[in-house]
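# could you work out the structure for the sequence below:
(2 chains)
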Amino acid sequence: MNVKDSLELYIHIPFCVKKCAYCDFLSFPAEEADRLRYTEALKREITARAEEAGDRRVTSIFFGGGTPTVLPAEELVRILTLVKEYYQVEEDAEITLEANPGTVSEAGFVKLRRGGFNRLSFGLQSTRAAELALLGRIHSYGDFLEALDGAKKAGFVNISADLMFALPGQDRRSFAESLQRVGALELTHISAYSLILEEGTPLYARRDSLSFPSEEEYAGMYEDCAAILSAYGFSRYEISNYEKEGFACRHNTGYWTGIPYLGLGLGASSYTGDCRFRNTRSMAAYLERAAKPALLKEDVQLLTEEDAMSEYMILGLRLAEGVSITEFARRFGREFDEIFGAAAERYLRTGFMERTKDRIRLTDKGFPVSNYILADFMP
Amino acid sequence: MSEIKKDHIRNFCIIAHIDHGKSTLADRIIEMTGLLTTREMQDQVLDNMDLERERGITIKAQAVRSIYRAKNGEEYILNMIDTPGHVDFNYEVSRSLAACDGAVLVVDAAQGIEAQTLANVYLALDHDLEVFPVINKIDLPSAEPERVIAEIEDVIGIEAMDAPQISAKQGINIDQVLEAIVEKVPAPTGDEEAPLQALIFDSVYDSYKGVIVSCRVMNGRIRKGSKALFMATGAVEEVVEVGYFGPGQMIPCEELSAGMVGYITASIKNVANTRVGDTITLADRPASEPLPGYKKVNPMVYCGIFPADGSKYGDLRDALEKLQLNDASLFYEPETSVALGFGFRCGFLGLLHLEIIQERLEREYDLDLVTTAPSVVYKIYKTDGTCMELTNPTNMPDPSEIEYMEEPVVKAEIMVTREFVGSIMQLCEERRGQYLGMEYMEQTRAMLKYILPLNEIIYDFFDALKSRSRGYASFDYELEGYQRSPLVKLDILVNREEVDALSFIVFEGSAYERGRKMCEKLKEEIPRQLFEIPIQAAIGSRIIARETVKALRKDVLAKCYGGDITRKKKLLEKQKEGKKRMRQVGNVEIPQKAFMSVLKLDSQ
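Residues are numbered from 1 along each chain as shown, chains lettered A, B, ... in the order given. Predicted structure coming up:
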């Protein structure tokens, strides 16, 4: 199927039980009545934006947050059912739900599975109690194991867990332990991100009293992700993501390969193929205008050909397989070397990138310093 | 037409230490005096003035003429001649003083005499000016006029008992100053009928009028249509207009005659033809001699100026060309650097002059610049018997060709309160100063005299002086000459490649220390890159210091939530912007400000 014929949907649930100490994303605890008002508005947006999708086939749907599972399973299923009613969702579409341990019962998982969700992404972050406490997570490692068990019993096979590294107090050994533990579980997918201290978060405010791993340790932890997880059958397919064969997250891969997506819900980002924009971040405005999506749009950026070429590189290079040089020429009608040959050359020469007949990609040496490299592919 | 009587003209200047109230007093004098004599009022001059106003010409006057009706009932023409305040412009100061017959010395009633006060007074006395003091800021609670009067008499040795005690700010006793000017400044002398001799003390370029030359006529007369001969340059130009500066406007008049101060315009394109200090005479009846004292001003400090964006080279050249029209002492010639590309080697009167030009280029011409470390002019005596002047360290010959080198030295006077004498002496020793002596001005303050190499004071001497005296020291210097010194060229290698724009000349005994500090500083300035970067300081092939910028091992690996690509792109854009502000030298990206790090090596 052509890239432009497919479409992904992202559905944002901006609620959580309690805001984590490192989180600066659009999410907050809320009363049930507020949640209800929101999901009603969300449904209005879902129906109103169906025409934007046209006859494009929806290949993946991702419910993210926040913690989408603060909503009752029935409500989540209702939203998904509505989506399927208004959009042409492929039979085998990947339908992911972000879930936090301790927020879904076994019965809940059964309802979700039956309701059409076929992939779970657990926000685990760490297997160590001290680290979980520091991050302000509401669950223990035990809670996670229990939830995982429930999910499996309910029939979920495609399950991912998120881990974080470069945490205060963490060292290479303690992180390796988390990797080993999680690697040994029957998961199909693991994401491992480093902690980013964002201004305005409680953790940021405490930063001076915390001791963070050195750069050496950080680099070591990143190396360990690929090395340790490979022993459990995972391979790195994206800069921070690891799959068991065939289980790469289709939705996220879509982001990196330029598949258009509609972001539904408060503050959600959309990409039409030649334009990026996002919905308002104001809840009041969202509730009022959800039925008129044109009025929700903010931060609209029309992409020039130059932007598009740059995005093709900076997004595509996140994937282990990198980008296709022939595809570049096909898509933009310009030779790759003419546009980016010089930028790539110094990294190819120094082993941060490598090139085969058709593809160019970051090497294991290049991944940890990808921002530095990718900046040279910006317009 | 009215003939102005010479004995009713007073040509004077105001001299003061910075902040002692010179410009406030000047403003008060202008406020309290008139623009025109009663007689001139009745003439048609006003029409001309309106015309000037319509054309919108405003020139910052170096000399303002005003009319004062004195208590004796007579009207006097007061020509107040401005003097640049800074030591960099010493030569201009000295030419301005030569145009005056007297000087008002303003002394702060609280602070008393400062180093610059003395330097200015001596300069004025050198020009045989009548100097009389005025005690300013008597309204301050900390004012001690009696003490300051005693200080002036003791230290300078001029009569100060009757000095007007004023507050320029509050407008107190300004009339006493005006009366003193009439009484104490001698009327000009000179012969109107002798061949013309007029001293140029300022010239500026105006896009409408061409070059406007401020001058003091010593002998003879000059009028519209005269053929003016500029004696030093040999240029001959027909005078288009003569006149004088009223506050805020140019007022044309019939002629300027002996004793008068005013301006002339001729369609001269370049101020370089009308050098400050030169004498104007008439081509058809030239004076036999120019007035004494003209000298060509040579730049004392050189540095490389490069456009941050290489494509702006043409803009930089145009901007320098325009600035030079108004500032003949600015020198520039093209320079090419391996690290910085195409730019200019520029010469300045001093560091302040350098800063002013740099700031004007950046502000008025909207240029983003990279400036290399300033260098003084060294004399290199070569083994083949020749001598070369070195203004750019890059051009230093191989040491085997050098017999010996000389560097410029200055005579410095530093005024400091007693408690800081020790630390300032230490500073001067560190900067290779030769102690000449110390005089106590009074119980608490001393004047230190040193011979200091110019290259030790052009970087951060002034800052160091201020920080080691909690801001109390003041400083003045004049060029003394050249002295033989063991000097070496220090090269900086980044990733084993010599970066030409970072080389500098240094006293051999300080080379190790400077090299080490330079490497440390560059280590801070150069961001980590994907490989290890050695930074080395070398004299010839000998490495004397080394630091290493470690390789970058990681970037942050953030989650890309819900397809928010824009956030990611903003991060990369920022990174790219950072890279743009760097210069690629070999494989290494060096931030532009690193090229100026040599300026800030004093760790104190």
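# residues touching the residue lying closest to A:L317 once chain neighbours are set aside, list them.
What sits nearest to A:L317 in space, not counting adjacent residues and going by Cβ to Cβ, 6 or more residues apart in numbering or on different chains, is A:L362, at 5.6 Å. Where you see a C-beta, it was placed from the backbone N, CA and C, and this is true even at glycine. A:L362 makes contact with A:239, A:317, A:322, A:352-353, A:370, A:373, according to Cβ atoms under 8 Å, 6 or more residues apart in numbering or on different chains.
# return the subset of those lying in strands.
A:M353 (DSSP state E).
# now intersect the contacts of A:L362 with the helices, please.
Helix and strand membership here follows DSSP state H; of those, those in helices are A:370, A:373.
# and the buried ones among the contacts of A:L362, selectable in PyMOL?
Here is the PyMOL command that selects the buried residues among the contacts of A:L362 (16 or more other Cβ atoms under 10 Å in any protein chain shown):
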select buried, chain A and resi 239+317+322+352+353+370+373
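# which residues of the stretch 201-350 of chain A fall in strands?
Counting by DSSP state E, counting those that start in this stretch, the stretch 201-350 of chain A has strands at residues A:235-238, A:241-243, A:261-264, A:269-271, A:275-279, A:297-302, A:323-324.
# can you tell me which of those is nearest to B:Y440?
Closest of those to B:Y440 is strand A:297-302, at 69.9 Å (criterion: Cβ to Cβ).
# what is the orientation angle of the closest one with strand A:275-279?
170 degrees (axes from the mean of the first three to the mean of the last three Cα atoms, to 10 degrees).
# who does strand A:297-302 pair up with?
Strand pairing for strand A:297-302, using DSSP bridges, gives strand A:275-279 (antiparallel).
# residue ranges for the helices of the stretch 101-250 of chain B, please.
Counting by DSSP state H, counting those that start in this stretch, one finds helices in the stretch 101-250 of chain B at the ranges B:115-126, B:145-151, B:174-184.
# okay, the ones you listed, which one's buried deepest?
Mean neighbour count (mean count of other Cβ atoms under 10 Å in any protein chain shown) peaks for helix B:115-126 among the helices of the stretch 101-250 of chain B, with a mean of 20.
# show me what that helix is packed against.
Counting contacts by 3 or more Cβ pairs under 8 Å, 6 or more residues apart in numbering or on different chains; DSSP states H and E, helix B:115-126 packs against strand B:9-16, helix B:90-98, strand B:102-108, strand B:130-136, strand B:402-417, strand B:474-485.
# any idea which of the ones you listed scores lowest on pLDDT?
Ranked by mean pLDDT, these end with helix B:90-98 at the bottom, a mean of 80.
# what's the angle from it to strand B:474-485?
120 degrees.
# got the buried residues for helix B:90-98?
Buried-residue list, helix B:90-98, by 16+ other Cβ under 10 Å: B:90-98.
# ok, the residue in the stretch 251-400 of chain B positioned nearest to chain A to B:E362 distance?
Among the residues of the stretch 251-400 of chain B, B:G310 lies closest to chain A, at 16.3 Å counting by Cβ to the nearest Cβ. According to Cβ to Cβ, to the nearest Å, B:G310 and B:E362 sit 17 Å apart.
# one step back: closest one to B:R484 among the helices of the stretch 101-250 of chain B?
helix B:115-126 (27.2 Å).
# keeping just the C-alphas, turn that closest one into PDB.
What follows is helix B:115-126, C-alpha atoms only, in PDB (Å, rounded to 0.1, in the frame of the first residue of the first chain):
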ATOM      1  CA  ALA B 115      44.900  60.600  37.200                       C
ATOM      2  CA  GLN B 116      43.100  61.900  34.100                       C
ATOM      3  CA  THR B 117      42.700  65.300  35.600                       C
ATOM      4  CA  LEU B 118      46.400  65.600  35.900                       C
ATOM      5  CA  ALA B 119      47.100  64.200  32.500                       C
ATOM      6  CA  ASN B 120      44.700  66.800  31.000                       C
ATOM      7  CA  VAL B 121      46.100  69.700  33.000                       C
ATOM      8  CA  TYR B 122      49.700  68.900  32.000                       C
ATOM      9  CA  LEU B 123      48.600  68.600  28.400                       C
ATOM     10  CA  ALA B 124      46.800  72.000  28.600                       C
ATOM     11  CA  LEU B 125      49.800  73.600  30.300                       C
ATOM     12  CA  ASP B 126      52.100  72.200  27.600                       C
END
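# quick one: contacts of that helix?
B:13, B:15-18, B:20, B:83, B:85, B:87, B:90, B:93-94, B:97, B:103, B:105, B:107, B:131, B:155-156, B:158, B:413-415, B:447, B:474-476, B:478.
# those residues, buried ones only, as a PyMOL selection?
Listed next is the PyMOL selection for buried residues among the contacts of helix B:115-126, using 16+ other Cβ under 10 Å:
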select buried, chain B and resi 13+15+16+17+20+83+85+87+90+93+94+97+103+105+107+131+155+156+413+414+415+447+474+475+476
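# which parts of the stretch 201-350 of chain A sit against chain B?
Contact residues (Cβ under 8 Å from any Cβ of the partner chain) of the stretch 201-350 of chain A with chain B: A:215-216, A:218-219, A:222, A:239-240, A:252, A:255, A:261, A:263, A:268-271, A:276, A:278, A:299, A:301, A:311, A:314-315, A:346, A:350.
# list the contacts of the closest residue to B:P591 other than its chain neighbours.
Leaving aside its sequence neighbours, B:P591 sits nearest to B:M582 (Cβ to Cβ, 6+ apart; 5.2 Å). For B:M582, the contact set (Cβ under 8 Å, 6+ apart) comprises B:589-592.
# distance-wise, check B:M582 relative to chain A.
Distance of B:M582 to chain A, computed by Cβ to the nearest Cβ, to the nearest Å: 12 Å.
# check that residue and give its pLDDT.
80.
# cool, and A:L76?
pLDDT for A:L76: 97.
# what secondary structure does the closest residue to chain A within the stretch 1-150 of chain B sit in?
The stretch 1-150 of chain B approaches chain A most closely through B:D19 (41.7 Å), counting by Cβ to the nearest Cβ. For B:D19, the assignment made with DSSP: H, G, I helix; E, B strand; the rest coil gives coil.
# was I right about B:L354 contacting B:P374?
Yes - between B:L354 and B:P374 there is a contact under Cβ atoms under 8 Å: 6.2 Å.
# what is in contact with those two at once?
By Cβ under 8 Å, 6+ apart, the residues touching both B:L354 and B:P374 are B:301, B:303, B:348.
# now those residues in CSV, with distance to A:F234?
Output for the shared contacts of B:L354 and B:P374, formatted as CSV (distance: Cβ to Cβ, whole Å):
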residue, distance to A:F234
B:V301, 64
B:C303, 58
B:F348, 65
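# quick one: low-confidence ranges for chain A?
The model of chain A has pLDDT under 70 over residues A:1-4.
# would you mind giving the domain segments of it?
Using automatic domain parsing, the domain parsing of chain A gives A:3-256, A:305-375.
# any chance of the ones you listed in TSV, plus distance to B:A538?
Formatted as TSV, the domains of chain A follow (distance: least, Cβ to Cβ, whole Å):
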stretch	distance to B:A538
domain A:3-256	29
domain A:305-375	26
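# what does chain B put close to chain A?
B:529-531, B:552-566, B:568-569, B:571-573, B:575-576, B:579, B:587.
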